[in-house]
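Asks: Sharing a sequence plus its predicted fold:
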Amino acid sequence: MVAASAAALVDSAMLGRHATASLAAFAVTIAVYSPAAATVAGVLRGVMPFVAEYEDDPKRMVPLVRNSMWLGLVTGGLGALAVGGVSVIGSATGVPASTLNHLGLFPLLLAISVLSLSVGTSATSVLVALDRSRLVLRAGLVGTALAVVLSVTLIGGIGPVPSLGLNGAGIAMLTSSLVTTVRMQVALRRVPALAGAPLTPGRPDFEAMLRLARVGIPLAGTVLIKFAVLGVLTFAAARLGTQQAAVHGVCETLVNLIYTLAVAIGQATVPQVAGAVRDGDIPRTRRNVVAGAGVTVCGIGTLAVVLLVFGHSLIPFLSDDASLRQSLQHQLPLVCAVVMTDGLQAIAGFGMVGLKRTLPSLISTAVLFGALCLSAVPAADAGGLSALWTALICANLLQAGTKAVLFHRISGRIAPARPSPAV
């Protein structure tokens, strides 16, 4: 996940050197692509507790894998339509025509990439739930390395290779996605429990897909709400001036990079929680989430200390503006607090995924982030960027507490599991 984020930074850097208009068109498309990709990932994470439940029963797991692929294709198809219509969305939201004219084939290439991502992510969810994370790592690193090499080669052009600009970035991202997806699907077919089984989608089972979607869709909705509210926070920061908007953007990038650690730990927690739920073991169910929170605190805490201690050395790589660097330095403690509270609420949320009860998490996020959305502009106008980020810390902290209480109550109701209907 961190490697993929780094690859996106390479694209931004290469396009920024190629042409400002290309970078702007890239940003507009990514603004639609990122929520679409996050929605696909969120829906398919809902498959993980079912996989953990059937890990010892290949006959039930095979239909699950096939239906999860169908669910991914449906979600990915909707996401692809949104990404492919970036020019229409851009026109409707007032994006300048000079930016939209530089889109070229980029939205189409990324639309196909979303479809590819949906097939790859359906395999990723199964592999992580079956404790095959190393296979996911290998496939992801190969795809990321390919994306970086192709981006450097195609965007700016090297030797006889012409400069393709934004289209070159699209080709790099699509090729990386296709290669990663193929490797994920090959790795899935090499899992002993699934070896030789027919894993092509086959005929869709809509009832089984709906059972999976009941867990995955609220999780995707939670992600979309978070994206929307963070967009409002960016708008609130932009009202404060160009420098404050730039500081906010850089700090948000740092948060997103560190936050991937919490997401990775949370995904690893889901099969542990689901296995304990299957066995009707309430103490072990809770211990797994507490352990996930402990690992998150240690991991994010370590990165936060590094950021605070060595921030003065890292910040010059992010900006040449002396005043901007000073503002970033002052903002770092709030960055660390935001990512720590965000990580804790994420772990509690993934615990709810293990319980197959994601709707309460969605409601919690909608209420608390809804309040944050309404207070963002007044907070920023009254206290500047610090007040805005303090409000975000409070929202994350309240979410962490609320989801922890919900998890504790719901986990107390579990009983020794009966075999669930095959999906």
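Replies: Arrived safely, thanks for sending.
Asks: following whichever strand or helix holds residue 26, which helix or strand shows up next?
Replies: Assigned by DSSP states H and E, residue 26 belongs to helix 20-45. Using DSSP H and E, the helix or strand that follows helix 20-45 in sequence is helix 48-53.
Asks: which strands and helices sit next to that next one?
Replies: helix 58-84, helix 106-129, helix 206-238, helix 242-278, helix 322-354 (3 or more C-beta pairs under 8 Å, 6 or more residues apart in numbering; DSSP states H and E). C-beta: built from backbone N, CA, C; applies to glycine.
Asks: Could I get the CA-only coordinates of the helix or strand following the second one as PDB?
Replies: Using DSSP H and E, the helix or strand that directly follows helix 106-129 along the chain is helix 133-156. Extracted as PDB, the C-alpha positions of helix 133-156 are listed here (Å, rounded to 0.1, in the frame of the first residue of the first chain):
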ATOM      1  CA  SER A 133      -0.300 -11.600   2.700                       C
ATOM      2  CA  ARG A 134       3.200 -12.300   1.400                       C
ATOM      3  CA  LEU A 135       1.700 -13.300  -2.000                       C
ATOM      4  CA  VAL A 136      -0.100 -10.000  -2.100                       C
ATOM      5  CA  LEU A 137       3.100  -8.100  -1.200                       C
ATOM      6  CA  ARG A 138       5.000  -9.700  -4.000                       C
ATOM      7  CA  ALA A 139       2.400  -9.100  -6.600                       C
ATOM      8  CA  GLY A 140       1.900  -5.500  -5.500                       C
ATOM      9  CA  LEU A 141       5.600  -4.700  -5.500                       C
ATOM     10  CA  VAL A 142       6.000  -6.100  -9.000                       C
ATOM     11  CA  GLY A 143       3.100  -4.000 -10.300                       C
ATOM     12  CA  THR A 144       4.400  -0.900  -8.500                       C
ATOM     13  CA  ALA A 145       7.900  -1.200  -9.800                       C
ATOM     14  CA  LEU A 146       6.500  -1.600 -13.300                       C
ATOM     15  CA  ALA A 147       4.400   1.500 -12.800                       C
ATOM     16  CA  VAL A 148       7.400   3.600 -11.800                       C
ATOM     17  CA  VAL A 149       9.600   2.400 -14.700                       C
ATOM     18  CA  LEU A 150       6.800   3.000 -17.200                       C
ATOM     19  CA  SER A 151       5.900   6.400 -15.800                       C
ATOM     20  CA  VAL A 152       9.500   7.700 -15.900                       C
ATOM     21  CA  THR A 153       9.900   6.300 -19.500                       C
ATOM     22  CA  LEU A 154       6.500   7.200 -21.000                       C
ATOM     23  CA  ILE A 155       5.600  10.500 -19.400                       C
ATOM     24  CA  GLY A 156       8.800  12.400 -20.200                       C
END
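Asks: Give me the packing partners of helix 133-156, helices and strands only.
Replies: Against helix 133-156 (3+ C-beta pairs under 8 Å, 6+ apart) you get helix 2-18, helix 106-129, helix 165-189.
Asks: So which of these is the most surrounded?
Replies: helix 106-129 (a mean of 25; mean count of other C-beta atoms under 10 Å).
Asks: same question for that one, mean pLDDT?
Replies: Helix 106-129 carries an average pLDDT of 90.
Asks: and the angle from it to helix 206-238?
Replies: Between helix 106-129 and helix 206-238, the angle comes out at 120 degrees (axes from the mean of the first three to the mean of the last three C-alpha atoms, to 10 degrees).
Asks: how far does helix 106-129 sit from the chain's center?
Replies: 12 Å (C-alpha atoms, centre = their mean, to the nearest Å).
Asks: Can I get the helices and strands packed on helix 133-156 in TSV including distance to residue 278?
Replies: Listed next are those as TSV, based on distance: least, C-beta to C-beta, whole Å:
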stretch	distance to residue 278
helix 2-18	31
helix 106-129	12
helix 165-189	22
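Asks: Minimum distance to residue 296: which of these has it?
Replies: Ranking the helices and strands packed on helix 133-156 by proximity to residue 296 (C-beta to C-beta) places helix 2-18 first, at 15.0 Å.
Asks: And what about the residue lying farthest from the centre of the chain, helix, strand or coil?
Replies: In the chain, the greatest distance from the average C-alpha position (C-alpha atoms, centre = their mean) is reached by residue 160, at 36.7 Å. Under DSSP: H, G, I helix; E, B strand; the rest coil, the three-state class of residue 160 is coil.
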